[in-house]
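Trainee: need coordinates for the below:
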Amino acid sequence: MARAATTADAFNAVAEPRRREILDALSEGERPVNELVDLLGLAQPHVSRHLRVLREVGAVVVRDEGRHRVYRLNPQALKPIHDWVAGYRHLWEERFELLEDVLEDLKESDTQE
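Mentor: Numbering: from 1, shown residues only. Predicted structure coming up:
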């Protein structure tokens, strides 16, 4: 079976680590392509390809500023990922509560010795 295109949805688009790095960089504010190139240490065509995928799923928005293209994050496009992960939040909360209980037990055993 053929693999789904990376532009099918936000999940596939952010599966690539370099794209997540771009999203992290853009979470701090708008950046022109050349700044992303310097930050990631990749060739400009590689960064542009990643940006195209992110743009196609709506995760980034581009605007022209003179001769430069400036990108910004569109967090609304990542909401499906947030919503999916939120479904697992209770599992993490339960585990943190169990860990807290273990730590309390360890503290009590230390004070008794």
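
Trainee: neighbours of the closest residue in space to Glu65 that isn't next to it in sequence, how many?
Mentor: Spatial nearest neighbour of Glu65, excluding adjacent residues (C-beta to C-beta, 6 or more residues apart in numbering): Pro32 at 7.3 Å. All C-beta atoms are positioned from the backbone trio N, CA, C, and that covers glycine. Neighbour count of Pro32, defined by other C-beta atoms under 10 Å: 15.

Trainee: what of Leu23?
Mentor: For Leu23, the count of nearby residues is 19 (other C-beta under 10 Å).

Trainee: pretty sure it is in a helix, no?
Mentor: Yes: judged by DSSP: H, G, I helix; E, B strand; the rest coil, Leu23 forms part of a helix.

Trainee: quick check: it vs Glu100, distance?
Mentor: 32 Å (C-beta to C-beta, to the nearest Å).

Trainee: now Ile22: how far from Glu56?
Mentor: Computed with C-beta to C-beta, the distance linking Ile22 and Glu56 is 14 Å.
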